[in-house]
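Colleague: Quick one: sequence plus predicted model below, questions after.
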Amino acid sequence: MIFIEKRKYWSKTLMILAIGMQILLLASCKHDDLTIAAPNENIRPAGDFVKNNYEMRLFYAALKKVGYADELNGAGPFTVLAPTDEAFNRMGVYNPSDFDKMNQDSLKKVIGYHLMPRKLRVSDIPNNGIDVRYTTLSDADLYVSRASSNPNGGAENELYFSGSEVMRQDVVLANGTLQVLDNVMKPNFNKTVQAWLAGHPDYSVFVSGLKKFNLWDQLAGTAEFTIFAPTNEALKNLGITAASLNEMDTSKYEGDLLFGVYLLYNKHFFVSDTQVFSRINSNGSFNYYLKDSSYYMTFGGGKLYPTFKLGFGLTLRPGGPTGSPIQSATGSIVAKNDNLCSNGLVHHLADGMVTPEQAIKK
Amino acid sequence: MKKIKLFQMNTTFVWLVACNFLLLTSGCVKVEYSKIKEPAYLRVFNNLNYVQTLGSKDNKVPFFCMLINPVVDASGMPVSAEIVGDFLDQRDAYAPPYPSHIGNSTSVNNPEYPGKENVLVGPILNGFDLSSWAQVPSGKVRIMFAYRPKNTVPFFQLENHLKKDILIDTTINLTNQEVYTLHLLQKDFVSKKTGVLLRQEIFHKLPLSDSLAYVNFYNMSAKGYWQADKSLKEDNFLLASFQWGMKDDMNVYLSLYEDQNLMSKNGATVPGYKGKYFASVKLNTESPAVSPYSSFPIWASKSANGITTNIWQRFDFFVPGMDITTNPFYDGSTDNGGNWVSVNCLRNGQLRMESNDNAAILPNLLVNIHSGLNNPATFATVNTIEVVNGKVYLTTVQRKYAPPIY
């Protein structure tokens, strides 16, 4: 009897199991009503996040000044490229009131250039993507470079927006992401490199020199240039001043060497490109002959010792790659480099390259 | 007792109902198999190679979407296509006999078509496994290569202005059940003219022995590449002597080495196979003619047992008038003015030689793989070695072989 009871028990269990399996089978066909954990609603929107971050007080002041602060608390999505206060300080902006002195329209465009109407995380940018362009709230595109992996081995994830390094990546916001920039980006929108140089009296001797040697007009065209602009002080150290330029006889000097040495034709290089390519393929330099000349220039750079901030170096050799260098110059003032213009970039050079004596025609 | 029996019947009934339910719920799917009527078999390589450098950062990256029989709208923008080979990257140095190597990756970038694409592939023709060839409609087909940004967004989901940059838009004529390789090439290094070369392969029609390994050679470099200044060529030491190009007319010499575990070109060679004249190769980017196949016996080595052999191959390309005995250059010399280039084919091609060497490295022509009870068993293959500008490529085709028994 006990045996039968046991069998009965098992049969019953089997039946329940069979029915249970049937229910499971049918239930597994569709998953319409999955419940998932409610997302955390305590993450702040972009505007509030920047407002409450003491490292970004100046950026917030600028956002408020030009009227983006409230917009950034909207639905989004946004990507905020937030330069730190230190970055603004390096440009000579120390107080929120300093923004009052600026042209409000230009300020709005530059600040809008730091905001993107999309959610852009590092992983959204193609591996080893160079100069990938994204739209901003201003009318010009951003250039993004991501050094993610080296074919010789090793993984990096360095990210640069129009030449500015991202110090902290992918800060999560309720309506987007935030990337902390080491530098304020310097877009000049429709301004050509010529117009940019003309508007900066620091480089007035350089400008006069370009004009005198017929190198000036080409800078207003559509061809691209990377210009390493020597300051008046740098040229003075080489013996070139506004006065001495006036007396110079252009037929006796090689203009393509004396002033052409600061022009790199048909390329637009951010200083950060040197760092990016030294990561991507262990070679962050570019070698070229000066226009119509046997002088050989090496442009290289990266994060320079001892500050480990981005900088570049130029080395000039006569006759080709094996010539012994006649002059080297370094541009390491980050805040003054990477002036992005419509037809190229202007970098700041504190040392000159060629003296008038070296450029006398033979 | 009776009660129990009744209960058992009940159980059977429940099971029946359950089975019916199962049949009902699972029987709803209708499977439609895709099929191409009268297919031709096509394999596509993008031979426009590049290296990312600071100086070339503004150059357009030759990264394409291949469209066969595209539908274009009024503005000339493709809106759909019969066959789409997206993310077509520059080709790999090695095109393996089976697409399994290529499928082992998480990147969408495709080193060849079909490669990673999940499409209908070719059958086994005369013993040769064509699973690296895709089925495409035969007849006159329009083929388009459109530049695309190097990201992971599928071509037709890109923004419209990115879909209009077409490099090549041409028609090719494919015959039913024929085997083709299509090469996207740079035809002139100075003018940067590009074009396609469609080659109708014949290896499956030839009476090839399965104890000989066959190779043919092509030089599909751009006109003027080897003559051009070094500063215009990509500087990549892994390409060794090939990186500066080779002359338009070259002779190929074969050396067979005994042991591929000895990664040195100074190791022992198989008697009779040291710098043996093997073939000649001429620059050609226009004619679709198949180069003649040259062969060497796979059991040439005395240590071979008829199942497996450990030999590897080295090919020296010399300008006519020069050979391995009159070679004026020193061993490691890579910059030889295009007069001497060489390639070692051993193991998986992903290693560095121990000897001072100027050779590029490719995988062994012979496939050593676990088959049946033999691990490894060596298989004869049919190979194509193609030189394009500064690079050398190997395509290996293999017969269907027995699966491994463990």
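Modeller: Nice, thanks for sending it over. Because the structure is predicted, anything quoted here is derived from the model rather than measured.
Colleague: B:N375 belongs to a strand, doesn't it?
Modeller: Yes - B:N375 sits within a strand when classified using DSSP: H, G, I helix; E, B strand; the rest coil.
Colleague: Quick one: residues contacting the closest residue to it other than its chain neighbours.
Modeller: Excluding the flanking residues, the one nearest B:N375 by C-beta to C-beta, 6 or more residues apart in numbering or on different chains is B:P404, at 6.9 Å. (C-beta placed from N, C-alpha, C; glycine too.) Neighbouring residues of B:P404 by C-beta atoms under 8 Å, 6 or more residues apart in numbering or on different chains: B:369-372, B:375.
Colleague: got the residues of chain A near chain B?
Modeller: Residues of chain A lying close to chain B (C-beta under 8 Å from any C-beta of the partner chain) are A:4, A:7-8, A:11-12, A:14-15, A:18-19, A:21-22, A:25-26, A:29, A:126, A:128-132, A:224, A:267-269, A:273-274, A:277, A:280-281, A:283-288.
Colleague: follow-up on the earlier one: report the beta-bridge partners for the residue nearest to B:N375.
Modeller: Per DSSP bridges, the residues bridged to B:P404 are B:G372.
Colleague: Could I get the pLDDT score of it?
Modeller: What the model reports as pLDDT for B:P404 is 93.
Colleague: For B:V367, see how far away it is.
Modeller: B:P404 is 13 Å from B:V367, where distance means C-beta to C-beta, to the nearest Å.
Colleague: Please apply the same query to A:A87.
Modeller: 58 Å.
Colleague: Then A:M167?
Modeller: From A:M167 across to B:V367, the span is 51 Å (C-beta to C-beta).
Colleague: quick one: which of these two has more around it?
Modeller: Set A:M167 next to B:V367 and count neighbours by other C-beta atoms under 10 Å in any protein chain shown: B:V367 wins out with 21 against 17.
Colleague: helix, strand or coil for the residue in the stretch 151-300 of chain B that chain A sits nearest to?
Modeller: Per C-beta to the nearest C-beta, the residue of the stretch 151-300 of chain B with the smallest distance to chain A is B:N151, at 4.4 Å. Secondary structure state of B:N151, per three-state DSSP, is coil.
Colleague: ok, it - contacts?
Modeller: The contact partners of B:N151, by C-beta under 8 Å, 6+ apart, come to A:126, A:129, A:132.
Colleague: Those into a markdown table, with extra columns for pLDDT and neighbour count?
Modeller: Formatted as a markdown table, the contacts of B:N151 follow (pLDDT from 0 to 100; neighbours: other C-beta atoms under 10 Å in any protein chain shown):
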| residue | pLDDT | neighbour count |
| --- | --- | --- |
| A:P126 | 84 | 16 |
| A:G129 | 87 | 18 |
| A:V132 | 90 | 17 |
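Colleague: Kindly export stretch B:282-292 (C-alpha atoms) in PDB.
Modeller: This file holds the C-alpha atoms of stretch B:282-292, laid out as PDB (Å, rounded to 0.1, in the frame of the first residue of the first chain):
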ATOM      1  CA  LYS B 282      55.600  41.800 -65.100                       C
ATOM      2  CA  LEU B 283      53.800  44.900 -64.000                       C
ATOM      3  CA  ASN B 284      50.200  44.700 -65.100                       C
ATOM      4  CA  THR B 285      47.100  46.600 -64.000                       C
ATOM      5  CA  GLU B 286      45.100  46.300 -67.200                       C
ATOM      6  CA  SER B 287      45.000  42.700 -68.500                       C
ATOM      7  CA  PRO B 288      42.700  40.300 -66.600                       C
ATOM      8  CA  ALA B 289      44.800  37.300 -67.900                       C
ATOM      9  CA  VAL B 290      45.700  34.700 -65.300                       C
ATOM     10  CA  SER B 291      49.400  34.300 -64.700                       C
ATOM     11  CA  PRO B 292      50.700  30.800 -65.300                       C
END
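Colleague: buried sites along it?
Modeller: B:283, B:285, B:290-291 (16 or more other C-beta atoms under 10 Å in any protein chain shown).
Colleague: quick one: the helices in the stretch 151-300 of chain A?
Modeller: Ranges of helices within the stretch 151-300 of chain A are A:193-198, A:204-212, A:232-237, A:242-247, A:255-258, A:271-281, based on DSSP state H, counting those that start in this stretch.
Colleague: With respect to burial, which of those scores highest?
Modeller: Among the helices of the stretch 151-300 of chain A, judged by mean count of other C-beta atoms under 10 Å in any protein chain shown, the one packed with the most neighbours on average is helix A:271-281 (a mean of 25).
Colleague: And the contacts of that helix?
Modeller: Residues outside helix A:271-281 that contact it (C-beta under 8 Å, 6+ apart): A:128, A:130, A:145-147, A:149-152, A:156, A:158, A:160, A:163-165, A:283-285, A:299-303, A:310-312, A:331, A:334, A:337-338, A:347, B:51-54, B:57.
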